[in-house]
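1. Please find the sequence and the predicted model below.
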Amino acid sequence: MACIDDKGNLTPTARSILTTIRSEAKTIEEIAGEAGQPLFKVRSSLRDMKSMGFVKEVADNQFIMEEKVSKLLNK
Amino acid sequence: MSEVLNQNQLKSEEPRALPRIGSKAPQFEAVTTHGTIRLEDYKGSWLVLFSHPADFTPVCTTEFVAFQSIYPKLREMNTELLGLSIDSVYSHIAWVRTIEEKLGVKIEFPIIADLDKEVATKYGMLMPEESKTEAVRAVFVIDDKQTVRAIIYYPMTAGRNMDEIVRLIQALQTSDEKGVATPANWRPGDKVIVPPPATQEMAEERVKDNGVECIDWFLCKKDI
């Protein structure tokens, strides 16, 4: 689930997920509900973004955006 | 030497055991038109995992348009769609773009590019007597706990019936929620079947029960 496009911008899916966990850690189910994305898309996107250092898992099944990604999100 | 080769060949052509109804669905990680997806990503949702023989073929094209037409209804039923064929992701992308351009239908669900046949082999989607290079039309209904709940196989020449796929999932979810079974040709709103009594005493009670409609002690229906 690529989260960055060829121009270095966040994909719409990545953007919608990151927006929900910008300042507060949330569960996958909460993110899916708020971002309007199916569970499978949220799980695969978070895995991708975790490997890129865009998000971190703060507790079991709870994710928050890394501060350094704010620039990309505001782009 | 040739005998050893023949034995190895035979070994590699032995069909693998298929997943069975009630068994845990085999896990996989696969490249799809929506990126890399694992089966475990679908935990909490029902999933229709289906294979088709090949991109850019006529029956498969009609099926994809039909699968897309039931996708919103399936999503309302907490059910996702995941297609599969032994084609590259670039072929899948080109095909879904062609479907959108020529038929005006945007395919919104992911499609596995199973070039190494790993997922098709795990799920018994390859039937060498039918084709050595293409998957048959298999449908696996996997529930929210990742258990295989139903399996349907169609040959290459016959397109699947989408109404039946939706009906099947409605029947399975109703059985789970209400602890009942569904009769032949059941549709939501129809009467459901009450599980048959397990003892003679329960059978006697069942026929006296005014809340159910019994033809005999073992065949009783009720509204839900």
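-> Received, thanks.
2. list the contacts for residue 48?
-> No chain in the question, so chain A it is. By CB atoms under 8 Å, 6 or more residues apart in numbering or on different chains, the residues touching A:Asp48 are A:1-3, B:35-36. Quick note: C-beta positions are derived from backbone N, CA and C, even for glycine.
3. oops, chain B please
-> B:74, B:79-82, B:139-142, B:165, B:169.
4. I'd like to know which of those residues is nearest to chain A.
-> B:Glu80 (6.0 Å; CB to the nearest CB).
5. Would you agree the closest one falls within a strand?
-> Yes. B:Glu80 forms part of a strand when assessed by DSSP: H, G, I helix; E, B strand; the rest coil.
6. Is it bridged to anything, and to what?
-> When bridges are called by DSSP bridges, B:Glu80 pairs up with B:Leu47.
7. And the pLDDT at it?
-> B:Glu80 carries a pLDDT score of 98 in this model.
8. One more: B:Pro15?
-> According to the prediction, B:Pro15 has pLDDT 54.
9. can you check B:Asp41 too?
-> pLDDT, B:Asp41: 97.
10. Burial check on A:Met65, number of neighbours?
-> 22 (other CB atoms under 10 Å in any protein chain shown).
11. what are the bridge partners for whichever residue of chain B sits closest to chain A, then?
-> Closest approach between chain B and chain A, counting by CB to the nearest CB: B:Gly35, at 3.3 Å. Judged by DSSP bridges, the bridge partners of B:Gly35 are B:Thr32, B:Thr33.
12. residues contacting it?
-> A:1-2, A:44-45, A:48.
13. on that earlier part again, farthest pair within the contacts of A:Asp48?
-> A:Cys3 and B:Thr36 (11.6 Å; CB to CB).
14. These two: who's more crowded?
-> Taking other CB under 10 Å, A:Cys3 and B:Thr36 do not tie; A:Cys3 has more neighbours (24 against 14).
15. Now tabulate the contacts of A:Asp48 in JSON lines and tack on distance to B:Ile70 and pLDDT.
-> Listed next are the contacts of A:Asp48 as JSON lines, based on distance: CB to CB, whole Å; pLDDT from 0 to 100:
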{"residue": "A:Met1", "distance to B:Ile70": "24", "pLDDT": "56"}
{"residue": "A:Ala2", "distance to B:Ile70": "27", "pLDDT": "74"}
{"residue": "A:Cys3", "distance to B:Ile70": "29", "pLDDT": "85"}
{"residue": "B:Gly35", "distance to B:Ile70": "23", "pLDDT": "93"}
{"residue": "B:Thr36", "distance to B:Ile70": "26", "pLDDT": "95"}
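16. need the next SSE after the helix ranked longest in chain A, C-terminal direction.
-> Ranked by residue count under DSSP state H, the longest helix found in chain A is helix A:39-51. Using DSSP states H and E, the helix or strand that follows helix A:39-51 in sequence is strand A:55-59.
17. residues of that following strand that come out buried?
-> A:Val55 (16 or more other CB atoms under 10 Å in any protein chain shown).
18. Now do the buried residues in the strand or helix carrying A:Ile31.
-> Using DSSP H and E, A:Ile31 falls within helix A:28-35. Within helix A:28-35, the residues that count as buried by 16+ other CB under 10 Å are A:28, A:30-32, A:35.
19. Just flag the most distant two among those.
-> A:Ile28 and A:Ala35, at 10.4 Å, using CB to CB across those.
20. what sits in contact with each of those two?
-> Jointly contacting A:Ile28 and A:Ala35 under the rule CB under 8 Å, 6+ apart are A:Val42.
21. What's the per-residue pLDDT of residue 32 here?
-> No chain was given, so I picked chain A. Reported pLDDT for A:Ala32: 95.
22. you looked at the wrong chain, it should be chain B
-> 97.
23. Show me which helix runs longest in chain B.
-> helix B:58-76.
24. ranges for the strands of chain B?
-> Counting by DSSP state E, chain B has these strands, from start to end: B:29-32, B:35-38, B:46-51, B:79-85, B:111-113, B:137-142, B:148-154, B:192-193, B:213-216, B:219-222.
25. Great, nothing more from me.
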